[in-house]
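Novice: Give the three-dimensional model of this entry:
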Amino acid sequence: MDNGLQVSVDSKAEKTDQADKKYLLVTVTYKNTGSEPVDYNEFDWKQTSDSANMKAPEIPVLDEEPLGDGSLKAGETVTGFVAVKPDAASISYFANIIDKEATATWRLK
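Specialist: Take a look at the predicted model:
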């Protein structure tokens with residue numbers, strides 16, 4: 001991206017939360033290769049169903065913490081998970097929360 005931010009989807013794993021709901025935990029990484037701080041947020045991501053419905057990440061009740069939000073200084077990296085429904089067809093990254101089109105999309109199936 002123009003600001004030096006690199007974003008990747010690293011892995012996925014199914015998990016059942018404390019309320020007995022199933023989720024797909026998608027591990028994502030942000031790496032700031034630029035010279036200025038860059039913000040990150042788990043709500044930079046949206047899941048898409050097979051029927052093309054797009055929605056924000058899920059919020060499971062788990063022992064581990066999701067990606068959350070913050071700011072990366074130049075050279076810093078953060079990795080965390082984004083929870084989606086287990087039947088999500090894809091996950092998309094939006095560089096700007098008001099964008100209508102995804103910056104990048106990864107298939108989950």
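
Novice: got the residue ranges for the strands in this structure?
Specialist: Assigned by DSSP state E, the chain shows strands spanning 5-16, 22-32, 38-41, 45-48, 54-55, 69-72, 77-84, 90-93, 104-107.

Novice: Which other helices and strands does the lowest-mean-pLDDT helix or strand in the chain contact?
Specialist: Lowest mean confidence among the helices and strands of the chain (mean pLDDT, DSSP states H and E): strand 54-55, at a mean of 90. Packing contacts for strand 54-55, counted by 3 or more CB pairs under 8 Å, 6 or more residues apart in numbering; DSSP states H and E, involve strand 45-48. Yep, even glycine has a C-beta here, placed from its N, CA and C like the rest.

Novice: right, and residue 23 touches residue 47 too?
Specialist: No - the criterion here is CB atoms under 8 Å, and residue 23 misses it with residue 47 at 10.4 Å.
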